[in-house]
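Colleague: Provide a 3D model corresponding to the input given below.
(one chain, ligands or ions: 1)
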Amino acid sequence: MPLPSLPAAGFLNDAGLNRQHVFNLADLPADLVAPLTPAAHERQLILFGHAGRRLWECVQAEGIRTDHPIDEYSVRTVESWLAQTLPTARARFVFPQHSQHIGLQRLGTIAGWHHPSPFMVGIDAVWGSWFAYRVVILTDTALPASLPVDNGYPCAHCADKPCITACPAHALAGGTFNLKACNTGRLAADSACALGCSARRACPVGAEHRYEDSQIRHSAAGSLAMIRRYQDPAAD
Ligand code: B12
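Modeller: Below you'll find the model as predicted:
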């Protein structure tokens, strides 16, 4: 039996937002929902993600003119989808606007998308770690809730774990991810991974979906800037 999909999912897939999941707010853990302070009429949460290279191709085709082209493109795309598909729905964007307040990987776990890789970016057997969460909206809709889509956890069968040895900061060597070592390694003057995680790149799973180098550099520059702000909040 085909899984229920969002109306006009083809529009989103073509635009690179090729992962979507509808949750009923009432079915989600209360502590995940609470920071979003849903209004009484908001009954569903729709998560939009991208996997693979298509999104960046679309972003580049529109032209990169600001510091946050992926977020802006993704929001515009979901706005167009809403206008075409659910014109009477009331929808509120809660991500990317409030990114610190929503556990995206927890949502991804419930959707079946997320399994933790040794380097903590989510992974599955089809896309590898080459996917991310782009937009979350709360709506007053009554769409069919999505069923989890779980492509499997490849690290469970990976004997070599090349990600662990590829990390120049040895952040994965101790059996758990050492975020401090990761950050220190990325901030080092001669860092090999400031603008692209060597562990993520070494993972063979879903290698055909690996982002183009310009996307890797773009996203890594964003997280590097975030790390610099953590270390020196006065830097802004
Ligand atoms: C803060 C943050 C960071 C911080 C530190 C992470 C941390 N936990 O302290 C920094 C700036 C270092 C960072 C780096 C990166 N991040 Co980041 N980050 C976030 C953010 C905004 C919040 C995470 C968080 O703390 N949530 C609060 C907790 C309570 O939420 P949670 O879901 O319950 O907790 C999970 C995560 O925190 C995770 N976790 C714990 N420690 C770490 C450490 C790292 C490095 C990561 C990635 C995850 C992670 O495990 C928890 C259980 O699943 C999320 C977006 C979001 N709103 O979720 C992205 C997010 C986790 N990051 C993401 C990515 C892609 C990256 C980078 C690869 C970006 C890049 N290209 O450089 C790097 C990865 C670092 C590496 N290994 O190379 C993606 C992961 C996508 C996926 N497939 O899973 C997310 C989900 C953003 C998105 N829009 O999709 N990140």
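Colleague: check contacts around Leu32.
Modeller: 102-103, 106-107 (C-beta atoms under 8 Å, 6 or more residues apart in numbering). (Glycine included, C-beta is placed from N, CA and C.)
Colleague: no wait, Ala220
Modeller: Contacts of Ala220 (C-beta under 8 Å, 6+ apart): 194-197.
Colleague: Repeat the analysis, applying 10 Å as the threshold.
Modeller: Neighbouring residues of Ala220 by C-beta atoms under 10 Å, 6 or more residues apart in numbering: 186, 193-197, 200.
Colleague: which among those are in contact with the ligand?
Modeller: Cys197 (C-beta under 6 Å from any ligand atom).
Colleague: What is the most widely separated pair among the contacts of Ala220?
Modeller: Ala194 and Arg200 (13.5 Å; C-beta to C-beta).
Colleague: residues in contact with the spatially closest residue to Ala202 that is not a sequence neighbour?
Modeller: Leaving aside its sequence neighbours, Ala202 sits nearest to Ala166 (C-beta to C-beta, 6 or more residues apart in numbering; 3.5 Å). Residues in contact with Ala166 (C-beta under 10 Å, 6+ apart) are 119, 172, 192-193, 197-203.
Colleague: swap in Phe48?
Modeller: Phe48 touches 6, 12, 15, 17-21, 74-75, 77-78, 81, 95, 133-137, counting by C-beta under 10 Å, 6+ apart.
Colleague: where does it fall, helix, sheet strand or coil?
Modeller: strand (DSSP: H, G, I helix; E, B strand; the rest coil).
Colleague: For the closest residue to it other than its chain neighbours, grab phi and psi.
Modeller: Among residues not flanking Phe48 along the chain, Val135 sits closest, at 4.3 Å (C-beta to C-beta, 6+ apart). With angles defined as degrees, to the nearest 10, Val135 sits at phi -150, psi 140.
Colleague: Val135 reaches His98, doesn't it?
Modeller: No - Val135 lies out of contact with His98 (C-beta atoms under 10 Å); the separation is 11.8 Å.
Colleague: The two: which is more packed in?
Modeller: Higher neighbour count among Val135 and His98: Val135, with 25 against 13, using other C-beta atoms under 10 Å.
Colleague: Distance check, the more buried one against the ligand.
Modeller: As judged by C-beta to the nearest ligand atom, to the nearest Å, Val135 and the ligand stand 9 Å apart.
Colleague: same question, Glu57
Modeller: For Glu57 relative to the ligand (C-beta to the nearest ligand atom), the value is 18 Å.
Colleague: go on, His157?
Modeller: 19 Å.
Colleague: how deep is that residue tucked in, by neighbour count?
Modeller: 9.
Colleague: Let me see the contact set for it.
Modeller: 125, 205.
Colleague: quick one, phi psi at it?
Modeller: Torsion angles, degrees, to the nearest 10, at His157: phi -110, psi 10.
Colleague: Arg53 now?
Modeller: Torsion angles, degrees, to the nearest 10, at Arg53: phi -100, psi -10.
Colleague: Next: the one 10 residues further on.
Modeller: Phi and psi for Gly63, reported as degrees, to the nearest 10, are phi 100, psi 130.
Colleague: And the ligand, is the longest helix seen in the chain touching that?
Modeller: Longest helix in the chain by number of residues (criterion: DSSP state H): helix 213-231. Yes - contact of helix 213-231 with the ligand (C-beta under 6 Å from any ligand atom) involves 219-220, 223, 226-227.
Colleague: which of these are buried?
Modeller: 219-220, 227 (16 or more other C-beta atoms under 10 Å).
Colleague: Take the residues you listed and write them to TSV, including pLDDT.
Modeller: Below are these laid out as TSV (pLDDT from 0 to 100):
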residue	pLDDT
Ser219	96
Ala220	97
Ile227	94
